[in-house]
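J.: give me the fold of what follows.
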Amino acid sequence: MARDTIVVAAASIVVALAVIFRERVIASRFGIGDVTDAFALASTTVIFLSTAFGGSLALSLIPALMRIEVDSGQAAAEELCRAVLARLLLGMVVVALVMYVFSESIISVFGSSFSAKKQQLTRTFLVMMLPLLPLSGWVAYAAALLNARRRFLFSTMAPAVIPIAVVFALQVTSTPYALASGLLLGYLLQCLMLALVLKQEASWLLPKWKAQRSDLNAVWRQYLPVTIGAAFMGSTVMTDQVMAGWLAPGSVATLAFASVLVNYLNAFGGRALGAPALSHFSKLTARKQWADASRLMWQALLIIGGIAFGLTVVIWNFSDWFVAQLFERGAFTSLDTARVAEVQKYFALQLIFQFVGVLLVRMLSALEKNRVILAVATFNFFANIWLNYVLMKFLGVAGIALSTSIVLCVSALLCGAAVWRSLNASTDGKRRL
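T.: Numbering: from 1, shown residues only. From the prediction side, this is the model:
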């Protein structure tokens, strides 16, 4: 697990550098203005949907895939995966069509504080990016196959082409629409890369409707709660963007820029820890090696928690310097740096809980306790709204960042309690102290 984590961490650094480079280009080109606000809200909406429906796939498919390969063989596993892919793609196309039909109403609600011109720009961005939904579903499926085979380097490195494509599009044309077209180009290139990597298993990449109903039901029982949970968790980002729109102009962009460094540290930690942890935890729990699974998880929690604490201290103390180095150029002024740095400090408080939470959630999925993830995510959604409303009155947009950190702290404690209870259950149903 340590070796796999190092591989994923190295690849994630490349992805993070590419994303930061893209954000620097966007900040220099558009600053904190209407274009950035509109793109942030539209892209957050699309990415939320792709994460909720596609990003949840690995948590339900990988444990089932490993179990079926052991019990029924490769042919049954391939049949299941292709059937899952067919249903996932169909669902993503339906979601994209629904979003297109109701896009105007959705933007009028989410961007209620935007001017009419700004709402129209946001809707244009949203419609341009809707083809990303089926593409992102296919990408999530291909990445899950690679992770199940412990080929973490390729699945982690592939997303780097997305920010590179956005930068390329901005160099070709200076119009705001290059942001959306570049994002679409990046996902197409990522699909091509993953297809080339998986060319030896090309048949696995083609959807097929038929499969064993019992196997599909097993995946569905785990996929549905984790998808709904991911929708609740992802919607907290959208909720933060919408509620930031109630504040002074530029607050949405301020929140977006302030979250860049912390979000990509979270994404870095999530990729570096999540994929190897799910693979190894699923293997140990499938073999009922409970003691080994428990020991591996608690050791990882201690190490990762210490690293995250150190990162939090560094970002809190050098927040202004980080923001200035990342964004302060062109249309992004020193006044913008001060505003973003203050919000970034409160975002940094979530790092330890986010890192620890990744491991806990992966263990819950390996234990087929995805309903617990749904319950915690539901709590997070409503608690985040209430805390946003309370804290933004006192701290403005910084209160929204602090609310996120508090909610993640509580959710990590809840997940930890659920894992502790599950791993300490003996085979005869009794509980050990």
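J.: quick check: what element follows the helix or strand where residue 378 lies along the chain?
T.: In this structure, residue 378 is located in helix 370-395 according to DSSP states H and E. Next helix or strand after helix 370-395 toward the C-terminus (DSSP H and E): helix 397-423.
J.: show me what counts as buried in that following helix.
T.: In terms of neighbour count (16 or more other Cβ atoms under 10 Å), helix 397-423 has its buried residues at 397-409, 411-412, 414-416, 418-419, 422-423. For every residue, glycine as well, the C-beta is placed using N, CA and C.
J.: for stretch 6-22, buried residues please.
T.: 7, 8, 9, 11, 12, 15, 16, 18, 19, 20, 22.
J.: what of stretch 68-83?
T.: 68, 69, 77, 78, 79, 80, 81, 82, 83.
J.: alpha carbons only: can I get it in CSV?
T.: Output of stretch 68-83 as CSV, limited to C-alpha atoms (Å, rounded to 0.1, in the frame of the first residue of the first chain):
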residue,chain,number,x,y,z
ILE,A,68,-16.8,-11.9,-8.4
GLU,A,69,-13.4,-12.6,-9.9
VAL,A,70,-12.6,-14.9,-6.9
ASP,A,71,-16.0,-16.6,-6.9
SER,A,72,-16.9,-16.8,-10.5
GLY,A,73,-13.9,-16.0,-12.7
GLN,A,74,-12.8,-13.4,-15.2
ALA,A,75,-15.7,-13.9,-17.7
ALA,A,76,-18.4,-13.2,-15.1
ALA,A,77,-16.5,-10.1,-13.9
GLU,A,78,-16.2,-8.7,-17.5
GLU,A,79,-19.9,-9.3,-18.1
LEU,A,80,-20.7,-7.4,-15.0
CYS,A,81,-18.4,-4.5,-15.7
ARG,A,82,-19.7,-4.0,-19.3
ALA,A,83,-23.3,-4.1,-18.0
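J.: which regions of the stretch 1-150 of the chain lie under the pLDDT threshold?
T.: Along the stretch 1-150 of the chain, the parts satisfying pLDDT under 70 run over 32, 58-59, 70-71.
J.: for it, which segments count as helices?
T.: Taking DSSP state H, counting those that start in this stretch, the helices of the stretch 1-150 of the chain run over residues 2-30, 34-50, 57-72, 74-101, 103-110, 116-129, 132-148.
J.: what about the ones you listed, which gets the closest to residue 307?
T.: For residue 307, the closest of the helices of the stretch 1-150 of the chain is helix 2-30, at 10.6 Å, according to Cβ to Cβ.
J.: coming back round to it: include distance to residue 254 when you put the helices of the stretch 1-150 of the chain into a markdown table, please.
T.: What follows is the helices of the stretch 1-150 of the chain, written out as a markdown table (distance: least, Cβ to Cβ, whole Å):
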| stretch | distance to residue 254 |
| --- | --- |
| helix 2-30 | 12 |
| helix 34-50 | 10 |
| helix 57-72 | 32 |
| helix 74-101 | 26 |
| helix 103-110 | 17 |
| helix 116-129 | 16 |
| helix 132-148 | 25 |
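J.: figure out which of the ones you listed is closest to residue 310.
T.: Taking the helices of the stretch 1-150 of the chain one by one with Cβ to Cβ, helix 2-30 is closest: 15.1 Å.
J.: that closest one - contacts with which helices or strands?
T.: With contacts taken as 3 or more Cβ pairs under 8 Å, 6 or more residues apart in numbering; DSSP states H and E, helix 2-30 sits against helix 34-50, helix 152-157, helix 161-172, helix 251-286, helix 319-327.
J.: would CSV of those helices with distance to residue 120 be doable?
T.: Below are those laid out as CSV (distance: least, Cβ to Cβ, whole Å):
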stretch, distance to residue 120
helix 34-50, 9
helix 152-157, 37
helix 161-172, 21
helix 251-286, 16
helix 319-327, 27
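J.: most centrally placed residue in this protein?
T.: For the chain, the residue sitting closest to the mean C-alpha position, by Cα atoms, centre = their mean, is residue 51 at 5.8 Å.
J.: any figure for the gap between that residue and residue 132?
T.: As for residue 51, its distance to residue 132 is 11 Å (criterion: Cβ to Cβ, to the nearest Å).
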